[in-house]
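**Student:** take a look and give me a structure for this.
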Amino acid sequence: MVEDPELLTMLAAEAGRRTPIIIEGLEALAASDEKDSARIEELRVEAHGLKGAALVVGQGRLADLAREMEQFLAGCVDTGRIKPGAAAALVAGASAFNEGAEAAAEGVAEPSSVGESLAALAD
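**Tutor:** Below is the predicted model of the structure:
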């Protein structure tokens, strides 16, 4: 695990930039009856970016969380839809990633939301 405070701060900043995009996109998709494969793919790319950022700084559990989000979104591209319940789980995952990245940057313990979201998305 990387303990470089500057890199961990950069991860938190990256999470702070990408997670709102993911959350807003998921909420819009869940509220819409329209198919939008392109939007889902954009959100998948954002989750992929979070995964890469977490891997670079040695935050394996956060990378796993982002991987679960990315894989779920990849599975929705063909249908172009995300059900509200699934969107809620992904929103919780994105929020947990952000909380986990902030905790890592602050040098505090991983929040329980990370493990909870990993378990929920792995089901």
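
**Student:** going forward, measure contacts between C-alpha atoms and count neighbours the same way
**Tutor:** Fine.

**Student:** before we move on, which element is the residue nearest the centre of the chain in?
**Tutor:** Compute the mean C-alpha point of the chain, and by CA atoms, centre = their mean the closest residue is residue 94, 3.7 Å away. Here residue 94 sits within helix 84-106, counting by DSSP states H and E.

**Student:** quick one: average pLDDT of that helix?
**Tutor:** For helix 84-106, mean pLDDT rounds to 97.

**Student:** how about that helix: buried residues?
**Tutor:** Buried residues in helix 84-106, counting neighbours by 16 or more other CA atoms under 10 Å, are found at 84, 86-105.

**Student:** pull out the buried residues from the helix or strand that it is followed by.
**Tutor:** Reading on from helix 84-106 to the C-terminus, the next helix or strand found by DSSP H and E is helix 112-122. Buried residues in helix 112-122, counted by 16+ other CA under 10 Å: 113-115, 117-118, 121.

**Student:** next one: helix 112-122 to chain centre, how far?
**Tutor:** From the chain centre to the centre of helix 112-122 is a distance of 11 Å (CA atoms, centre = their mean, to the nearest Å).

**Student:** what's stretch 3-11 in contact with?
**Tutor:** If you take CA atoms under 8 Å, 6 or more residues apart in numbering as the criterion, stretch 3-11 is touched by 2, 53-54, 57, 101-102, 104-105.

**Student:** please repeat the previous calculation with a cut-off of 6 Å.
**Tutor:** residue 105 (CA atoms under 6 Å, 6 or more residues apart in numbering).

**Student:** what about the chain, any weak spots by pLDDT?
**Tutor:** Within the chain, the stretches with pLDDT under 70 are 1-2.

**Student:** can you name the next helix or strand after the longest helix along it?
**Tutor:** Across the chain, the longest stretch assigned as helix under DSSP state H is helix 5-31. With elements assigned by DSSP H and E, the helix or strand that comes after helix 5-31 is helix 37-56.

**Student:** could you point out the helix or strand that follows that following helix?
**Tutor:** helix 60-76.

**Student:** buried residues in that following helix, which are they?
**Tutor:** Buried residues in helix 60-76 (16+ other CA under 10 Å): 61-70, 72-74, 76.
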